[in-house]
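> Build the 3D model from these lines:
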Amino acid sequence: MTVNDIVKKAQDEMNKAVEFLKQEFRSVRTGRATPALVDTLRIDVESYDSSMSLKELANIAVTEGNVIIIKPFDPSTLKDIQRGIEKSGLGINPQNDGKMIRLPVPPLSGERRNQLTNHIKQLAEQQKVAVRTSRRDANKSFDAAKKAKTLSEDDAERGEEQVQKITDEFIKKIDKMTEEKAKEIMEV
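Below is the predicted model:
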């Protein structure tokens, strides 16, 4: 493997960690209604004998400011969707009117805001670990290439420096995302 191959592989893995964190942050409640709160929820549908994401089962929209409307494509899945939302731990009680489900998103309490802020910090830390693991794997690849004499010591050292620089950039990106999400959660 060349230096560029190892660096590219590490960068791709770090990018995946950041993208995963973005997805996780989308599902964290901020006190505002957004379809992203529920669209990735896994719903066990008995009649289909499978588990599907909510966006595969229903139209999801936001109306009346802080109310999420869920209108299933197949009305027979309404009860399954309601059950899935109740089990999800979102802390929102679904209101089923027989045709659709309304999810009134209540404002967050100060204590809940602090819990969510701690939760996103934990999510961010997990992805920082993933980024650092990618760096470690890249450094191991450089060491292995040095031992196999496929890379010179200078090239391997230059590659390790590149990977460290990329690692620092991704860690900063994760910190910035976490800071913005925490600020969004703490807004009243």
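
> Helices of the protein, start to end?
Here the chain has its helices, by DSSP state H, at 3-26, 54-57, 78-87, 110-147, 153-186.

> Just the buried residues of the fourth one, please?
Read that as helix 110-147. 113, 116-117, 120, 123-124, 127-128, 130-131, 134-135, 138-139, 141-142, 145-146 (16 or more other C-beta atoms under 10 Å). Yep, even glycine has a C-beta here, placed from its N, CA and C like the rest.

> Who are the packing partners of it?
helix 3-26, helix 153-186 (3 or more C-beta pairs under 8 Å, 6 or more residues apart in numbering; DSSP states H and E).

> Now do the longest one, average pLDDT.
The reference is to helix 153-186. Looking at helix 153-186 alone, the average pLDDT works out to 92.

> For the helices and strands packed on helix 110-147, please prepare CSV with the additional fields mean neighbour count.
CSV is the format used below for the helices and strands packed on helix 110-147 (neighbours: other C-beta atoms under 10 Å):
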stretch, mean neighbour count
helix 3-26, 17
helix 153-186, 16
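
> Quick check: the gap between the residue most central in space within the chain and residue 49.
Per C-alpha atoms, centre = their mean, the C-alpha nearest to the average position across the chain is that of residue 24, at 1.9 Å. Residue 24 is 29 Å from residue 49, where distance means C-beta to C-beta, to the nearest Å.
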